[in-house]
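What would the 3D arrangement of this be:
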Amino acid sequence: MSKISVKVVKPGKEHSIVGGASDIILEISVHDASLIGRSAKLTINRSVIVKDSRPKNENDKIERSFVLGQSKIQIPLNRKHLQLFSYAGKNIDISVNITLTVDTGILFDTKVNVDTKMDFAPRLWANSIDANEVIEPEDSFSFIENMNAIPSHARAMVFYVCFLAGIFLTGNTAIGIHDQSVSESMTWVYSHYRSNGKKTSPFGNAMLLNASATAAAWLAIRRELRKYMQFRLHTKLPMFEPGAKFQVKELISGAPRVPLKSAELRIVACNMEKGSYWRGSGRDTREEEFVKPVRAFTLYKKKVFNLPAGQEINVHFPEVISFDEIYKKLYPAQMLTKTHGIDIHWEVQLLHDSYVDQELIGPIEPFKYHYFLDQNDAKEEDLGVIDLDPQDKRQVG
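The predicted model follows:
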């Protein structure tokens, strides 16, 4: 028998369900009396595991030191402060591992590792439709109608961006053709070889840069095309607490420059799986980040057949809604770093067949972690838990 053992317990469960009826409890059993009174360190390790052949994973840890005062110790952990849970997603997994290290006073300390599955309370089914179709619906519009609907300074900016993009694409394509057709010593910009010595295509590399430049130019043009109306989130948003209700018009304001026929307003939400992976080789190795929507759904949808020019649009949306579906269908944010973890995303969309779609991305800070916990749970102060938060040392590694 080992000198000490650690297990995760929960009444009637083999593993903890965060957001269920009780918190995770670590039960430490000391089988060697000589360890009583020794210093111990509890470490909770989290890892974001990217599902890719060349992943860049991230991990962090929370540490707490204490003394083994008796042979059996139960440590309830405060889920509100720890804000961690296991997660199995499409693009990433988040794992939790607990390590107990006891200072034995000799060269080698006693160490116990526990892999624990800390599931969040089950989420409701969100949507079988591709999440990208909900968050980024296909945008069909008439370029000519859209150009006629925007102010003159916006039209001028569109032409200016198109002019600059045309010059760059023409020049860069010419350079790519030249460098492809000459020897290495005669190239202007694009080499025939990668930094690791492998051959590459100068023309192909020029086309890749053209694709990036085209995407950047389109983003700039799209921003100008959206100026056929004013559309913004209110600076003072309604209550985000579970159960709080508000009118849709409390979220948005604005007015179109031209009459809008059959415009549809939507409020959509999803989780975002975030991570990164390695691409390229040798000196060309680079880290590429990704942000992919999952569990997307439509919280609100209404089509208005006539939005008059110059009229405040929010008068057309008096319906009362709440954000409760977000707390039932999505997972709370759990970001280990700015680039790795699971996040929340919601936005207001205004869709129209003749004009570029509008979108307003909402703030996620108001969606507090404890809002996602079971509202029927005992209050945190009644749980008799050890609050790790004030004394923790959370480290990213």
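
Could you use CA atoms for every contact and neighbour count after this?
Noted.

Report the distance from the helix or strand where H153 lies to the chain centre.
Using DSSP states H and E, H153 maps to helix 152-181. Chain-centre distance of helix 152-181: 34 Å, with CA atoms, centre = their mean, to the nearest Å.

again, but for stretch 81-100
Between the centre of stretch 81-100 and the centre of its chain there are 15 Å (CA atoms, centre = their mean).

buried stuff in it?
Neighbour-count burial for stretch 81-100, counted by 16 or more other CA atoms under 10 Å, picks out 84-87, 91-100.

Widest-spaced pair of the residues you listed?
N91 and L100 (30.2 Å; CA to CA).

If you tally nearby residues, what's the number for the residue nearest to I267 when sequence neighbours are not counted?
Spatial nearest neighbour of I267, excluding adjacent residues (CA to CA, 6 or more residues apart in numbering): V348 at 4.6 Å. When neighbours are counted by other CA atoms under 10 Å, V348 registers 24.

got a list of what V348 touches?
By CA atoms under 8 Å, 6 or more residues apart in numbering, the contact set of V348 is 265-268, 359-362.

Among those, which one lies nearest to K302?
For the contacts of V348, the nearest to K302 is L265 (5.4 Å; CA to CA).

correct me, but A88 touches F120?
No: in this structure, A88 is not within contact of F120 by CA atoms under 8 Å, at 10.7 Å.

For stretch 337-355, the averaged confidence score.
Stretch 337-355 shows a mean pLDDT of 97.

for stretch 221-238, same thing?
Averaging pLDDT along stretch 221-238 yields 94.

List the neighbours of it that are in contact with it.
Residues from elsewhere that reach stretch 221-238 (CA under 8 Å, 6+ apart): 146-147, 149-151, 154-155, 157-158, 161, 246, 250-258, 355-358, 360, 362.

three-state assignment of V356?
Judged by DSSP: H, G, I helix; E, B strand; the rest coil, the three-state class of V356 is coil.

pLDDT on the strand ranked longest in the chain, on average?
Criterion DSSP state E: the longest strand present in the chain is strand 286-304. Averaged across strand 286-304, the pLDDT comes to 96.

do stretch 155-173 as well
Here stretch 155-173 scores 98 as its mean pLDDT.

Just the buried residues of it, please?
Of the residues in stretch 155-173, 155, 158, 162, 165, 169, 172-173 count as buried by neighbour count, 16+ other CA under 10 Å.

Next, give phi and psi for N57.
Backbone torsions of N57, given as degrees, to the nearest 10, read phi -90, psi 160.
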